[in-house]
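quick one: sequence and predicted model below, then my questions.
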Amino acid sequence: MAPSLIRLLCTLGVSFLAGGVADAAPRVEARTYLRHCGAETCLMVTGRRTDSSAVVSLGDHRVPVSGKRAWRVAVPLQTVRTWFPPSTRTITVHVSETNGGTGGGEAIVPLPIGLLFSGVQLASLEVRAR
């Protein structure tokens, strides 16, 4: 086979595979941050979805969101602490294709640093200069 034909076939194969992977697992965009909501502190989770009727879940917990394709949800910090163990550093955000559907995608989103920190008491801390 000619090298140009091999190159063409490889390019077509990679394009076909990349297109199939993109269709199989829709990308979910989400991020987290802290915000005051009334007298409480809330974990804000924001994201984008392709279908405005898609259901959003944080871990195994379905949450009501505000917005259409660009959505957001505020979860009180006390609720977050009951849903996830203290060692949690990331949460899984799942967006279904349709209401109650199994399709969709998910993203692993980092929590704000130290959000679920259980608190460690240090007896001493040693710092050395190099």
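Structure received. These figures come from a predicted structure and were not determined experimentally. Residues are numbered from 1 along each chain as shown.

ok, Q78 - contacts?
Counting by CB atoms under 8 Å, 6 or more residues apart in numbering, Q78 makes contact with E40. Using the backbone N, CA and C atoms, a C-beta is placed for each residue, glycine as well.

so it, which of the three states?
In the three-state summary, Q78 is assigned as helix, counting by DSSP: H, G, I helix; E, B strand; the rest coil.

and if you look at L125?
Three-state call for L125 (three-state DSSP): coil.

all strands for this structure, in order.
Listed in chain order, the strands of the chain (DSSP state E) span residues 29-37, 40-48, 56-58, 61-63, 66-67, 70-76, 90-96, 104-110.

same list (those) but as CSV, adding mean pLDDT, mean neighbour count and distance to E126.
Compiled in CSV, the strands of the chain are given as follows (pLDDT from 0 to 100; neighbours: other CB atoms under 10 Å; distance: least, CB to CB, whole Å):
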stretch, mean pLDDT, mean neighbour count, distance to E126
strand 29-37, 90, 14, 32
strand 40-48, 91, 18, 33
strand 56-58, 91, 20, 39
strand 61-63, 92, 15, 42
strand 66-67, 90, 11, 49
strand 70-76, 93, 17, 38
strand 90-96, 90, 20, 31
strand 104-110, 86, 16, 29
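
of those strands, which approaches Q121 most closely?
Shortest separation from Q121 across the strands of the chain is recorded for strand 40-48, at 23.2 Å, computed as CB to CB.
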